[in-house]
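S.K.: Next come a sequence and a model predicted from it.
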Amino acid sequence: MTKQIVFSGIQPTGDIHIGNYLGALRNWVRLQDEYETIYCVVDLHALTIPQDPAAFEKDRLEAAKMVIAAGVDPTTSLFYYQSQVPQHTELSWILGTLTQLGSLNRMTQFKDKSDRVGANLGLYAYPVLMAADILIHHAHKVPVGEDQTQHLELARDLAERFNRRYGDEFPVPEGIIPEHGARIMSLQDPTSKMSKSDPNQGSRILLLDEPDVVRKKIGRAVTDSGTGIEYDWEKKPGITNLLEILSLFQDTAVETLVAEHHDKQYGEFKQLVAEAVVDGLAPIRSAYNTLEDEDVSRLMNKGALDARTSAEKYQVGVRQKVGLTGH
Ligand code: AQP
């Protein structure tokens, strides 16, 4: 039986944190056994916010290394830089012609980011390019964090619109959004999501943070008034976020953890969480240290070559349906 196709991407916009890992990357790795997996460093998306070119080159490579260190195997998964596969942008243009401005106007990420960095056409069209990333490979499943659900809805809508107008081409992709970990919150403000662009470094734990840095950041995490280790996003968002993190790193149900640690002091509980995170990140840090830049670049070039071949196979069908065959 042919395997279903999984696609997802990550932006090279800064150091990857445990939110990216628990919400998305960890699932990318797990899905490699069951699906045909295709993963991408979405560097064109990252250009929607201003980038310094020299630093950006390094950030792209760093993102690729981190994804591999986290467990994506480029000999099993197709893994490449988005900019090296021009079929993504060609399909994005075609899908753009089917996109209602009203649906882009409703995108909350555009509103947030344009307030911060100013509006540009790329930022506005970001979800259309993401739809193209997914559809160009005829992906069935898309493992992402909760912040991507609105974008994913547009990808589904565009697949359906295209199929209705031009005839069946794309599977309508479904999200794989984990029940736990889909929205890891900032350690400094547990009511907003952990984010690469938060100016407060203490808000997030990076996959490469040294053990003492992890301990310090968790030790300083904002907790809630009162006592008791309880899972309650309304009343105890700080402790609930830490419970979620502990549960995912220890592979233990939240209910079991609450029963076990209910009467602990916050300080003692934070130490437990810190050690679980340190242990969970250790294999990633050591895998990262074995990776050579040249080897990773070579793998990414090979990935791009394979991705171009596979994307072109489908894009031919799209061009035929739209009337762009070059006769
Ligand atoms: N806090 C989070 N909890 C769970 N999942 C998360 N993701 C991001 N933040 C969290 C998921 O990580 C994947 C890759 O994210 P991205 O790099 O493509 O973009 P992002 O969502 O913009 O990531 P950041 O860290 O929040 O960056 P900025 O600060 O630029 O906005 C996605 O699947 C995402 O859902």
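M.R.: The structure has been received and is ready for your questions. Numbering: from 1, shown residues only.
S.K.: residue contacts, the residue of the chain found nearest the ligand?
M.R.: Nearest residue of the chain to the ligand, counting by Cβ to the nearest ligand atom: Gly23, 2.0 Å away. Where C-beta positions appear, they are placed from N, C-alpha and C, glycine not excepted. For Gly23, the contact set (Cβ atoms under 8 Å, 6 or more residues apart in numbering) comprises 144-146, 178, 181-184.
S.K.: Distance to the ligand added to those residues, as JSON lines?
M.R.: Formatted as JSON lines, the contacts of Gly23 follow (distance: Cβ to the nearest ligand atom, whole Å):
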{"residue": "Val144", "distance to the ligand": "4"}
{"residue": "Gly145", "distance to the ligand": "2"}
{"residue": "Glu146", "distance to the ligand": "7"}
{"residue": "Pro178", "distance to the ligand": "8"}
{"residue": "Gly181", "distance to the ligand": "6"}
{"residue": "Ala182", "distance to the ligand": "6"}
{"residue": "Arg183", "distance to the ligand": "5"}
{"residue": "Ile184", "distance to the ligand": "4"}
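S.K.: Could you list every helix and strand that the least confident helix or strand in the chain by mean pLDDT packs against?
M.R.: Within the chain, no helix or strand scores below helix 108-117, which has a mean of 92 by mean pLDDT, DSSP states H and E. Judged by 3 or more Cβ pairs under 8 Å, 6 or more residues apart in numbering; DSSP states H and E, the packing partners of helix 108-117 are helix 121-135, helix 149-166.
S.K.: Most tightly packed of these?
M.R.: Across those, averaging neighbours per residue (mean count of other Cβ atoms under 10 Å) puts helix 121-135 on top, at a mean of 23.
S.K.: Now do it, average pLDDT.
M.R.: Averaging pLDDT along helix 121-135 gives 98.
S.K.: what comes up buried for the helix or strand Leu104 falls within?
M.R.: Secondary structure from DSSP states H and E places Leu104 in helix 101-105. Neighbour-count burial for helix 101-105, counted by 16 or more other Cβ atoms under 10 Å, picks out Leu104.
S.K.: The ligand contacts on the protein?
M.R.: 10-11, 13, 19-20, 23-24, 144-145, 147-148, 182-184, 193-197 (Cβ under 6 Å from any ligand atom).
S.K.: Narrow the residues you listed to those that are buried.
M.R.: 10-11, 13, 19-20, 23-24, 144-145, 147-148, 182-184, 193-196.
S.K.: Mind checking which of those residues are in strands?
M.R.: Ile10 (DSSP state E).
S.K.: Show me where this structure has its strands.
M.R.: According to DSSP E, the strands that the chain contains are 5-10, 36-41, 78-81, 141-143, 174-176.
S.K.: for those strands, which one sits closest to Thr99?
M.R.: Ranking the strands of the chain by proximity to Thr99 (Cβ to Cβ) places strand 141-143 first, at 17.9 Å.
S.K.: Low-confidence bits of the chain, can you list those?
M.R.: 327 (pLDDT under 70).
S.K.: in it, which helix has the most residues?
M.R.: Counting residues, the longest helix in the chain under DSSP state H turns out to be helix 293-322.
S.K.: quick one: contacts for Val213?
M.R.: With Cβ under 8 Å, 6+ apart as the criterion, the residues that contact Val213 are Ile205.
S.K.: Count the residues that sit near Gln4.
M.R.: Neighbours of Gln4 under the rule other Cβ atoms under 10 Å: 15.
S.K.: Packing partners of the helix holding Leu104?
M.R.: helix 121-135.
S.K.: which other helices and strands contact the helix it packs on?
M.R.: Counting by 3+ Cβ pairs under 8 Å, 6+ apart, helix 121-135 packs on strand 5-10, helix 43-46, helix 87-96, helix 101-105, helix 108-117, helix 149-166.
S.K.: can you list these in JSON lines and add distance to Val273?
M.R.: Formatted as JSON lines, the helices and strands packed on helix 121-135 follow (distance: least, Cβ to Cβ, whole Å):
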{"stretch": "strand 5-10", "distance to Val273": "25"}
{"stretch": "helix 43-46", "distance to Val273": "31"}
{"stretch": "helix 87-96", "distance to Val273": "39"}
{"stretch": "helix 101-105", "distance to Val273": "39"}
{"stretch": "helix 108-117", "distance to Val273": "28"}
{"stretch": "helix 149-166", "distance to Val273": "27"}
